[in-house]
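K.L.:
Pasting the sequence and the predicted coordinates here, then a few questions.
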Amino acid sequence: MEPIRSRAIADYLSRLHAGLDDLVSRSESVRAACEAELSTMSVEIARYRQLILDAERESKQEAEFYHGTLANAGLRAANATSKISTAVSARSNQTSGPKTAKSDHLRSAAERILRTGGRPVKRADLTRELQAAGLLANSDNPIDLVRKLLQKSEVIGYDIKTGYFLVEGGH
């Protein structure tokens, strides 16, 4: 009876050992899957951190730009009273034609800037270039004007991370 009993114990231990090996193998594959998921999540977290940094940087650039624009607006305020009556009378006689022509001219200039640069341009940078060209001289809020003029453009697109870009198939 002794050999049968020791054989049964040996078989039992062998099955137990095989079960433990299987359990270790499964736990290693679960661990590997968890590590892969953790790695993927770390990459996503890093990407989101970079997006936040980019958004903060662009926000800071726009704030600095607005600050400079407001300082220039203070200088223009001295001339504002004489221009008010002229502007009111000009606007009352103005049709939508000249305003549309000016908007089209600004869109065309923005398109040329993007085409010349060959890469996306941040909103504040594009606004600076349009101002340097003398196209936004009378605007109290040039960044907002650029945003409004280009938001419905079929040729120019906008991405919060990269800025304005030429849409494929554009003119």
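P.N.:
It's in. Just so you know, these numbers come straight off a predicted model, no measurement behind them. Residues are numbered from 1 along each chain as shown.

K.L.:
low pLDDT regions in this protein?
P.N.:
Across the chain, the stretches falling below the confidence threshold (pLDDT under 70) are 1, 68-99, 169-171.

K.L.:
Go again with 80.
P.N.:
Per-residue confidence of the chain (counting by pLDDT under 80) places the weak regions at 1-3, 64-101, 136-139, 168-171.

K.L.:
Tell me where the longest helix sits in it.
P.N.:
Longest among the helix segments of the chain by residue count, using DSSP state H, is helix 2-93.

K.L.:
and Ser59, how many neighbours?
P.N.:
Ser59 has 11 neighbouring residues, counting by other CB atoms under 10 Å. (Each C-beta comes from the backbone N, C-alpha and C, glycine too.)

K.L.:
What is the longest helix of the chain packed up against?
P.N.:
Using 3 or more CB pairs under 8 Å, 6 or more residues apart in numbering; DSSP states H and E as the contact definition, the elements that helix 2-93 packs against are helix 123-132, helix 142-150.

K.L.:
tilt between it and helix 142-150?
P.N.:
With axes from the mean of the first three to the mean of the last three CA atoms, to 10 degrees defining the directions, helix 2-93 sits at 100 degrees from helix 142-150.

K.L.:
Just the angle for helix 2-93 relative to helix 123-132, thanks.
P.N.:
In terms of direction (the same axes, to 10 degrees), helix 2-93 departs from helix 123-132 by 20 degrees.

K.L.:
For whichever helix or strand comes after helix 2-93, buried residues please.
P.N.:
Secondary structure here is assigned by DSSP states H and E; on that basis, the next helix or strand after helix 2-93 toward the C-terminus is helix 96-117. Neighbour-count burial for helix 96-117, with 16 or more other CB atoms under 10 Å as criterion, is recorded at Leu106, Arg107, Ala109, Ala110, Glu111, Ile113, Leu114.

K.L.:
Stretch 145-164 too?
P.N.:
Applying a neighbour-count criterion of 16+ other CB under 10 Å, one finds Leu145, Val146, Leu149, Leu150, Ser153, Val155, Ile156, Gly157, Tyr158, Gly163, Tyr164 buried in stretch 145-164.

K.L.:
surely the fourth one meets Tyr164?
P.N.:
Yes. Here Leu150 lies in contact with Tyr164, judged by CB atoms under 8 Å, at a distance of 6.4 Å.
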